[in-house]
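Asks: coordinates only, sequence not included:
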């Protein structure tokens, strides 16, 4: 019987081949049992120590989660399910990018207590920054036209969206199921005004990516003030831009995981792994 907040048979079949298994050593807790504990944790946002006993020792679940995060197991699982969807023609390459700010719990803000560094240095290293809401983390996300995550980038909360636009797009790598290089280039990119800059538009044109980005009011005013030297206004398709709310729906589904809506993980690696695992589950439920 599948309990609430646990993997379904379909989700486990997609994830099971990618879980590393030791060839030797003592008998260990069943992999599916441990993965269910990880899903339960990020779904409910409880502490690792408070995991129900049916998932095995909490320290075992945490240790494997940390190991999988360092090894990129969940990233590989996400890319694998994206590859199968792309081979079936199921990915809409009208890509949208945006970001959302997440409050950091006091447990996540304790990273400076060990390690000998200053609090500020450790917070920056672990994607913890200070903004108006206190200690925050920002999730930068690229999703396809059906609202499913393609790439994830975690930064401190005060980091501006436009600074992370290029690194985020460069994280899109959908492998081929057969021969060939991974697909890294969207057909078109939709963003809001925060990403409006000459440099970013030039970067997209250089890569041959069509884009729909509204022009900022001050940029338009400056262009008109320069007259003929201001250049032509950037192209903007209002009908295409109306589809930008798809990424807001994607953020809404991701924040249905309480462990994502509030950051409890101390390190950026662990928190990004949690977001990646949640993204994998969104994909698994859509294919």
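Replies: Received it, and whenever you're ready, just let me know what you need. If you're wondering where the values come from, they're calculated on a predicted model, not measured in any experiment.

Asks: what about the residue positioned nearest the centre of the chain, distance to residue 32?
Replies: Per Cα atoms, centre = their mean, the C-alpha nearest to the average position across the chain is that of residue 152, at 2.8 Å. Distance, residue 152 to residue 32, using Cβ to Cβ, to the nearest Å: 24 Å. In this view, the C-beta of every residue, glycine as well, is placed from N, C-alpha and C.

Asks: then residue 191?
Replies: Residue 191 is 39 Å from residue 32, by Cβ to Cβ.

Asks: between those two, tell me which one has more neighbours.
Replies: residue 191 (24 against 14; other Cβ atoms under 10 Å).

Asks: just checking, the more buried one touches residue 211?
Replies: Yes: with contact defined as Cβ atoms under 8 Å, residue 191 counts as touching residue 211 (7.4 Å).

Asks: could you look up the SS state of residue 165?
Replies: Following DSSP: H, G, I helix; E, B strand; the rest coil, the label given to residue 165 is helix.

Asks: how about residues contacting the lengthiest helix in the chain?
Replies: Assignment by DSSP state H gives helix 268-284 as the longest helix of the chain. Outside helix 268-284, the residues within contact range by Cβ atoms under 8 Å, 6 or more residues apart in numbering are 8, 10-11, 14-15, 38-39, 42, 65-66, 68-70, 74-75, 77-78, 81-82, 85, 108, 125-128, 137, 139, 148-149, 152, 154, 250, 253-254, 257, 259-260, 263, 265.

Asks: pLDDT weak spots in the stretch 51-200 of the chain?
Replies: Applying pLDDT under 70 to the stretch 51-200 of the chain picks out residues 110-125, 133.

Asks: let's see that with 90 instead.
Replies: 105-126, 128-135, 157-158, 177-179, 197-198 (pLDDT under 90).

Asks: how much space separates residue 157 from residue 270?
Replies: Using Cβ to Cβ, residue 157 is found at 17 Å from residue 270.

Asks: of the two, who's got more company?
Replies: More crowded of residue 157 and residue 270, by other Cβ under 10 Å: residue 157, with 23 against 19.

Asks: show me what contacts the closest residue to that one other than its chain neighbours?
Replies: Leaving out its chain neighbours, the residue that sits closest to residue 157 by Cβ to Cβ, 6 or more residues apart in numbering is residue 136, at 2.8 Å. Residue 136 is in contact with 101-104, 128-130, 156-158, counting by Cβ under 8 Å, 6+ apart.

Asks: and these as CSV, adding secondary structure and distance to residue 169?
Replies: Formatted as CSV, those follow (DSSP: H, G, I helix; E, B strand; the rest coil; distance: Cβ to Cβ, whole Å):
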residue, secondary structure, distance to residue 169
101, strand, 20
102, strand, 21
103, strand, 27
104, strand, 26
128, coil, 24
129, strand, 22
130, strand, 27
156, strand, 20
157, coil, 21
158, coil, 21
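
Asks: please pick the buried ones from those residues.
Replies: Neighbour counting by 16 or more other Cβ atoms under 10 Å classes 102, 104, 128-129, 156-157 among those as buried.

Asks: tally of neighbours for residue 180?
Replies: By other Cβ under 10 Å, the residues close to residue 180 number 8.

Asks: where does it fall, phi/psi-wise?
Replies: Backbone geometry at residue 180, expressed as degrees, to the nearest 10, gives phi 120, psi 160.

Asks: re the thing from before, from the contacts of helix 268-284, which ones fall inside strands?
Replies: Taking DSSP state E as the definition of strands, the contacts of helix 268-284 contribute 137, 139, 149, 152, 154, 263.
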